[in-house]
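Asker: Have a look at this prediction, sequence included:
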Amino acid sequence: MTTNPPATGGPGLPQQRRLVTEIPGPASRELLARRERAVARGVSNILPVFITAAGGGVLVDADGNSLIDFGSGIAVVSVGNSAPRVTERVREQVARFTHTCFMVTPYEGYVAVCEELARRTPGNHEKRSALFNSGAEAVENAVKIARHATRRQAIVTFDHAYHGRTNLTMALTAKNMPYKDKFGPFAGEIYRMPMAYPLRWPGGPGQCAKEALDVVSTLIHTQVGEDNVAAVIIEPIQGEGGFVVPPDGFLPGLADFCRQHGILLIADEIQTGFCRTGDWFACDHEGVVPDLITTAKGIAGGMPLAGVTGRAEVMDSVHASGLGGTYGGNPVACAGALGAIETMEAEDLAGRARRIGEIMLPRLRKLADTYPIIADVRGRGAMLAIELAQPGSLEPDAATTGQVAKACHAAGLVTLTCGTFGNVLRFLPPLVIGEDLLEEGLTILEDAFASV
Ligand code: PLZ
């Protein structure tokens, strides 16, 4: 049925776009029909090509098409798919043992990942970490720890926030469709604040940082009470909500406010972390040191792993056995993380992310000069986006956004959308992508705009 799929992926795959059928092709369509009979409808696909191998900057599908990857599996395979140091360590670990449960009998890999987290995350204070399986689970645990440490209950979150799909994290997430609709009731003691969103701030981008800080501190004072707040949780650059980059000064101001009132600042760096934005963590950009930080996605090169890292006294306020889970910090996932972190260091992937930004931003800005429907070009490093709105207004244009994405897909470029209004095209290439592929992907995007 398939056209001899490559036996292995990784960076050795031909780094080229190559379309041999329409997208999706007949082999993928056949699999899709099977999928529809077996897989729940609630779990959807953005681009239904079935992948048989991937590596570097390409995804190869069941029909033998090779697509350019501007999604990295939603900011996960920053080191590239099947990165050699990841596969090597995973293979070695899987041959030794696959699971003991760290809570039963420990192993070194878990400790080594926590040591790396202490070393790489912002701040030189004494830190502790706990490992979990998914981003949502890390966020859940950060909230548990913050409440336990402060003996307070309220959690402050923001408009456009995304923190996951479990019950507590749905409550933290802002957007109703598709994440929350009819899935309530949601967890309590969650308070939502306006986000410092420069493009859409009523007083304009110049006033955004100061005014947003004023509004947030006033609302917390009047509606919640500072000393009821356990933690403020924020993505330093918002992901699913639209790659919203808060203006300089907002995050440091928020950190100051939290410190003044004994409120813990939780940075959700699940999407922004591990070199994606050109620093190890997005908080590094303005020297913000959160009390707790959640990580996942890029941490382990595609293996499911997540972490909560925080001040030792906060983390260790939790009684023995108060945190855990059967699979958290699984040895194979930890091996993957050690391989991924080693790759980021050895290949200077933070530098690669900055270089990707330097290549992409000028071309995206030029595109915005040509097409007035592009209201904003934003992001940092290899976490970039363009927001589409009706020219002359900020009326979100989700329809055109979807058409551009579809045109990219048809031409063999995997790209994603996001945003509260569904009107943001986002670009998250693997940090190891070759510059030729990056340029070719941008050309496809330009052609897509010309065609819609
Ligand atoms: N926090 C900042 O970006 C996951 C979700 C895709 P999990 N984002 C991709 C989808 O539609 O489900 C994410 C995130 C931030 C938390 C999470 C949740 O991480 O590993 O998906 O649970």
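Answerer: Received, thanks. Nothing here was measured: the structure is a model prediction, and the numbers come from that model. Residues are numbered from 1 along each chain as shown.
Asker: pretty sure Leu254 contacts Ile233?
Answerer: No. With contact defined as CB atoms under 8 Å, Leu254 and Ile233 do not form a contacting pair (10.7 Å). To be clear about C-beta, it is placed using only N, CA and C from the backbone, and glycine gets the same treatment.
Asker: Give the rounded mean pLDDT of stretch 335-353.
Answerer: Predicted confidence along stretch 335-353 averages 98 (mean pLDDT).
Asker: List the buried residues in that stretch.
Answerer: 335-344, 347, 349-350, 352-353 (16 or more other CB atoms under 10 Å).
Asker: In helices, which of those appear?
Answerer: The helices, defined by DSSP state H, take in 335-344, 349-350, 352-353 from the buried residues of stretch 335-353.
Asker: could I get these as JSON lines with distance to the ligand?
Answerer: Output for those, formatted as JSON lines (distance: CB to the nearest ligand atom, whole Å):
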{"residue": "Ala335", "distance to the ligand": "19"}
{"residue": "Gly336", "distance to the ligand": "15"}
{"residue": "Ala337", "distance to the ligand": "14"}
{"residue": "Leu338", "distance to the ligand": "19"}
{"residue": "Gly339", "distance to the ligand": "19"}
{"residue": "Ala340", "distance to the ligand": "15"}
{"residue": "Ile341", "distance to the ligand": "18"}
{"residue": "Glu342", "distance to the ligand": "22"}
{"residue": "Thr343", "distance to the ligand": "20"}
{"residue": "Met344", "distance to the ligand": "19"}
{"residue": "Leu349", "distance to the ligand": "19"}
{"residue": "Ala350", "distance to the ligand": "19"}
{"residue": "Arg352", "distance to the ligand": "21"}
{"residue": "Ala353", "distance to the ligand": "17"}
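Asker: interface residues of this protein facing the ligand?
Answerer: 74, 134-136, 139, 162-165, 235, 239-240, 268, 270-271, 296 (CB under 6 Å from any ligand atom).
Asker: ChimeraX command to pick out the buried ones of the residues you listed?
Answerer: For the buried members of the residues of the chain next to the ligand, the matching ChimeraX selection, counting by 16+ other CB under 10 Å, is:
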select :74,134,135,136,139,162,163,164,235,239,240,268,270,271,296
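Asker: Which of the residues of the chain next to the ligand sits closest to Thr400?
Answerer: Relative to Thr400, the closest of the residues of the chain next to the ligand is Glu240; by CB to CB it sits at 19.6 Å.
Asker: How are the helices of the protein distributed by residue range?
Answerer: 26-38, 72-75, 84-96, 108-120, 135-150, 167-172, 205-219, 250-260, 312-315, 331-346, 349-370, 398-410, 435-451.
Asker: Report the buried residues of the third one.
Answerer: Burial within helix 84-96, assessed by neighbour count using 16+ other CB under 10 Å, is assigned to 85-87, 89-90, 93.
Asker: What is the nearest of these to the ligand?
Answerer: Nearest to the ligand among the buried residues of helix 84-96 is Val86, at 17.6 Å by CB to the nearest ligand atom.
Asker: what residues are up against the residue nearest to Gly278 when sequence neighbours are not counted?
Answerer: Leaving out its chain neighbours, the residue that sits closest to Gly278 by CB to CB, 6 or more residues apart in numbering is Gly381, at 3.1 Å. For Gly381, the contacting residues are 275-279, 350, 353-354, 356-357, by CB atoms under 8 Å, 6 or more residues apart in numbering.
Asker: Point to the residue nearest the middle of this structure.
Answerer: By CA atoms, centre = their mean, the chain has its centre lying nearest to Gln271, at 1.9 Å.
Asker: Contacts only, for that one.
Answerer: Here Gln271 is in contact with 74-75, 235, 237, 239-240, 297, 383 (CB under 8 Å, 6+ apart).
Asker: Now the phi/psi pair for it, please.
Answerer: Dihedral angles of Gln271 (phi, psi; degrees, to the nearest 10) stand at phi -90, psi -30.
Asker: Give me the pLDDT value at it.
Answerer: pLDDT, read off for Gln271, is 98.
Asker: if we can go back for a sec, looking at the residues of the chain next to the ligand, spot the one nearest the ligand.
Answerer: Gly135 (2.1 Å).
Asker: End to end on stretch 74-87, go ahead and measure it.
Answerer: This stretch, stretch 74-87, spans 20 Å end to end (CA to CA, to the nearest Å).
Asker: State the mean pLDDT of that stretch.
Answerer: Per-residue scores along stretch 74-87 average to 98.
Asker: same deal with stretch 301-313?
Answerer: So the average pLDDT for stretch 301-313 ends up being 98.
Asker: Show me what stretch 337-357 is in contact with.
Answerer: With CB under 8 Å, 6+ apart, stretch 337-357 has contacts from 78-79, 83-90, 109, 112-113, 116, 120, 274-280, 298-301, 303, 305, 379-384, 429, 431-433, 438.
Asker: what's the first-to-last distance across that stretch?
Answerer: 25 Å.
Asker: all numbers from here: first residue = 15
Answerer: Okay, residue one is now 15; in that scheme the one you just asked about reads as stretch 351-371.
Asker: Return the distance of it from the chain's centre.
Answerer: Distance of stretch 351-371 from the chain centroid (CA atoms, centre = their mean, to the nearest Å) equals 16 Å.
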